[in-house]
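Enquirer: Sequence first, predicted model second:
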Amino acid sequence: MTFDAEQFTVAVKESAREANEPARRLVTIEGDRVTFESETEAHRRARELSAEGESVVKVQRAAPQDPDDVDGYLVGWPQRRRQAPDGSPTEGLTFDTEANQYGALGEALVLTPEVNPPLLTHFARVDADLDTTDGESGADDAETTASAEDVRVELDTDPDPVTVGSGRRWEPDCRAVVRLGPDRPVLTEYVCEVKSGDGSFERSQREAMRAKARETTVLKIRVDLDELPDSYTAWVRKVAPDGSDGEREGETYRVNSTLGEFS
């Protein structure tokens, strides 16, 4: 008798199709939603696709509140080139930069600080035609320039998700409210999605974006991180009650586990 007999439906995400040729063939043959006899069978198939292709794919369970009518997702799973970091916590540990970290870096660059982040503030000035100082607008140049300088962009980095129908969902990275100064009326607002490098927009995201664009301005933002490093080094030291660095002279920490153990 088996307790793992329920069928398990998986949506094949674009990250898996882009990273893994066998996953693309699977979609061509069976579509972007594949039903397996069990969750165990879905994981087994993911391991086979990983072995057949150049990149690893894995099955992730869908969140309980996810409106998409699937049990899980087949996603690309970039592997670290360096499984064990170089160095020690006190001398500095050097890690490879991962794809999800690049994504977080891109969001941090665009969405920091939460009041007047540079990119969105400049975009709002141009979008509202507030940088025009050649007199074509008919307004006084000094007044127009002052309006541009007074632009205030306030971010909500945890906006409500956008759902279309029963299966298309988009969780925007931010909602940006534009005003001409603190406590002034809202001039406009943007709902934004930030991608780093060549990260792709999922089909469900694109459909939800188009639906939201009927109500307000939706921005797709792409960040080029080519000049950022491929690795980073960090130091860790304990602080003693007397305020000094807590490690004893000559004390080092031995790194005895690989990062892969924490995936």
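Expert: Good, I have the coordinates. Numbering: from 1, shown residues only.
Enquirer: what's the pLDDT at residue 50?
Expert: At residue 50, the model reports a pLDDT of 89.
Enquirer: shift numbering so it begins at 561
Expert: Understood, numbering begins at 561; the last thing we discussed is residue 610.
Enquirer: Can you get me a residue count around it?
Expert: 20 (other CB atoms under 10 Å). The way it works is simple: take the backbone N, C-alpha and C, and place the C-beta from them, glycine included.
Enquirer: which ones are touching it?
Expert: 580, 616, 617, 618, 637 (CB atoms under 8 Å, 6 or more residues apart in numbering).
Enquirer: try it again with 6 Å
Expert: When contacts are counted by CB atoms under 6 Å, 6 or more residues apart in numbering, residue 610 touches 616, 617.
Enquirer: what about it, which SS state?
Expert: helix (DSSP: H, G, I helix; E, B strand; the rest coil).
Enquirer: Tell me the spacing between it and residue 794.
Expert: Plainly put, residue 610 is 30 Å away from residue 794 if you go by CB to CB, to the nearest Å.
Enquirer: and what of residue 657?
Expert: Distance from residue 657 to residue 794, by CB to CB: 12 Å.
Enquirer: So what touches the one helix or strand residue 578 maps to?
Expert: Under the criterion of DSSP states H and E, residue 578 resides in helix 574-579. For helix 574-579, contacts defined as CB under 6 Å, 6+ apart pick out 583, 584, 587, 615, 617, 634, 635, 636, 760, 762.
Enquirer: which of those residues sit farthest apart?
Expert: The span of those, defined through CB to CB, is set by 615 and 762 at 17.6 Å.
Enquirer: buried ones in stretch 743-762?
Expert: By neighbour count on 16 or more other CB atoms under 10 Å, the buried set for stretch 743-762 is 747, 749, 750, 751, 752, 753, 754, 755, 756, 759, 762.
Enquirer: and what of stretch 666-678?
Expert: Under the neighbour-count criterion of 16+ other CB under 10 Å, stretch 666-678 has 666, 667, 669, 670, 671, 677 buried.
Enquirer: what's in contact with it?
Expert: 679, 713, 714, 715, 717, 733, 734, 754, 756, 781, 783.
Enquirer: Just the buried subset of those residues, written out for PyMOL, thanks.
Expert: The buried residues among those can be selected in PyMOL (16+ other CB under 10 Å) with this line:
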select buried, resi 679+713+714+715+733+734+754+756+781+783
